[in-house]
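K.L.:
Attaching a predicted model along with its sequence, questions to come.
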Amino acid sequence: MLQTNDSNSIMVVDDKPANLKLLEKMLSDKGYQVRPFPKSPMALNAAINDRPDLILLDINMPEMDGFEVCQRLKANERTKDIPVIFISALTETLDKIKAFGVGGVDYVTKPFQFEEVYARVKTHLNLKRAQQMVEEKNQLLEKTLSDLQAAQKKLIQSEKMAALGVLTAGIAHEINNPVNFIKTSAFGLEQDIKDIEELLSFYNENCSRCHNDGAIKERLESIKRDIDFDLLIKELPELMHNLQEGVSRTQEIVSSLRLYSRMDDFDFKRTDIHTLVDSALVILKNRYSNIIEVVREYGPIPEVYGNPGKLIQVFTNIIANAVDSLQSMASGSSNTMGLPDKKRITIRTSVASRDEIEYIVVDIADNGPGIARSDLDKIFDPFFTTKDIGKGSGLGLSISSGIIREHNGLIEVSNLPESGAVFSVLLPFKEEKKS
């Protein structure tokens, strides 16, 4: 059974006291809660303030007929879904059509048979209950669909990250070989250039004593002017230094990418947190160099067991968010909002104890505008982002939180007293017993 009588409230509206008493008694005997009203305005107000499950409504009434009452009920957001059954002595087809036209669900003519009234009441209450169940199922389905879509987006993102890891590993491997070749060649070239510089310098210092021929001397001076000999001798070491610096920088990037690409390696291994943080900084360097000062305050910490690639992703996400926060600061905002002139990210590492568990703590703090208090509790929720549309998926911190949980760690966020925010990553470790 869809309906239970004792849960249903029925409003009966009729200006004839005899009809009210009869319907009240008969419906009460069937277990319904009956609310009789002899006046339509009173019934209308009562229906709005305390909605019944169904209304039996007479048509011919003083002050306001049943058609108008039904129209007003259907026009009101609170009462529009209440089923209305008209009970009337009017038997003309046009009256019935009008009753359905103003929103009635059924029509019973007087004098009525109670069994007919009861059957129609029961049917429409069941229909209403069924409709409510369908709406509840639809809401549940919509929520399930929304959850599935969110899970699908997260899965797609994970697949993208996995594919990116494979691609990155391949790129790092392919780049590493030519970089090593360039590095070896640059070292040999540096030695050769030093020999040539020594020869040219010696020749330049002694050419006047070795050659008395004026034409040769003039030709030599002409060549030196054409090649800007003095500048060339000065630039060669600088160019070699830049070449070697570029090779070293490329090797750092390749090394960091190779670590980052190991996200799908499920093996946990002994890991140096400082190396992982430095790798994340290398990956992001082009985003903050010459704009933001990065301060490393590394303390003495032991290694932890973890997945290097996934932990680099965590540090990359947090540092990238700090960079975005600092870059969002308007120029000159320090004068109007109390924000600092120098944009800074400070990374501190330390050891702390919490609930008798020893943790390595990585604090990543910025001196930007901080996080709105209303957003602090939602910052790690999937798809939550404060960035403009197209600039953030809202998955970075959610994924980071999941990674840290995989490591049995904690990730926390808070605002700093002065300005900015700090993300704290806590990773458990066990100190090895000293013999």
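P.N.:
Cool, got the structure.
K.L.:
I'd like the next helix or strand past the helix or strand Val361 falls within.
P.N.:
Counting by DSSP states H and E, the element that carries Val361 is strand 357-366. Next along the chain after strand 357-366, taking DSSP H and E as the criterion, comes helix 396-406.
K.L.:
after that next one comes which helix or strand?
P.N.:
Next helix or strand after helix 396-406 toward the C-terminus (DSSP H and E): strand 410-415.
K.L.:
For that following strand, could you pull out the residues that count as buried?
P.N.:
Residues of strand 410-415 classed as buried: Leu410, Ile411, Val413 (neighbour count, 16 or more other CB atoms under 10 Å). In short, each C-beta sits where N, CA and C put it, glycine included.
K.L.:
Each with direction, which strands does the helix or strand that it is followed by pair with?
P.N.:
Sequence order places strand 421-428 as the next helix or strand after strand 410-415, per DSSP H and E. Each strand paired with strand 421-428, and its direction, by DSSP bridges: strand 357-366 (antiparallel), strand 410-415 (antiparallel).
K.L.:
Redo the ones you listed as TSV? Include mean pLDDT.
P.N.:
Putting the strands paired with strand 421-428 into TSV (pLDDT from 0 to 100) gives the following:
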stretch	mean pLDDT
strand 357-366	94
strand 410-415	92
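K.L.:
now for those strands, which one comes closest to Val422?
P.N.:
strand 357-366 (3.9 Å; CB to CB).
K.L.:
For that closest one, output the C-alpha coordinates as PDB.
P.N.:
Extracted in PDB, the C-alpha atoms of strand 357-366 (Å, rounded to 0.1, in the frame of the first residue of the first chain):
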ATOM      1  CA  ILE A 357      53.300  10.000  16.300                       C
ATOM      2  CA  GLU A 358      56.500  11.500  14.900                       C
ATOM      3  CA  TYR A 359      56.000  13.500  11.700                       C
ATOM      4  CA  ILE A 360      58.200  15.300   9.200                       C
ATOM      5  CA  VAL A 361      56.500  18.700   8.700                       C
ATOM      6  CA  VAL A 362      56.700  20.700   5.500                       C
ATOM      7  CA  ASP A 363      55.200  24.200   5.900                       C
ATOM      8  CA  ILE A 364      54.700  26.100   2.600                       C
ATOM      9  CA  ALA A 365      53.700  29.700   3.500                       C
ATOM     10  CA  ASP A 366      53.100  32.800   1.300                       C
END
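K.L.:
who wins for proximity to Phe37 among the strands paired with strand 421-428?
P.N.:
Once those are compared by CB to CB, strand 410-415 is nearest, at 58.0 Å.
K.L.:
Now do that closest one against helix 396-406, angle only.
P.N.:
140 degrees (axes from the mean of the first three to the mean of the last three CA atoms, to 10 degrees).
K.L.:
still on that earlier bit, and which of the buried residues of strand 410-415 is nearest Val108?
P.N.:
Val413 (64.6 Å).
K.L.:
residue contacts, the nearest residue to Asn408 once chain neighbours are set aside?
P.N.:
Once flanking residues are discounted, Asn408 sits nearest to Pro428: 5.5 Å by CB to CB, 6 or more residues apart in numbering. Each residue near Pro428 by CB atoms under 8 Å, 6 or more residues apart in numbering is listed here: Val304, Ile357, Glu358, Tyr359, Ile360, His407, Asn408, Gly409.
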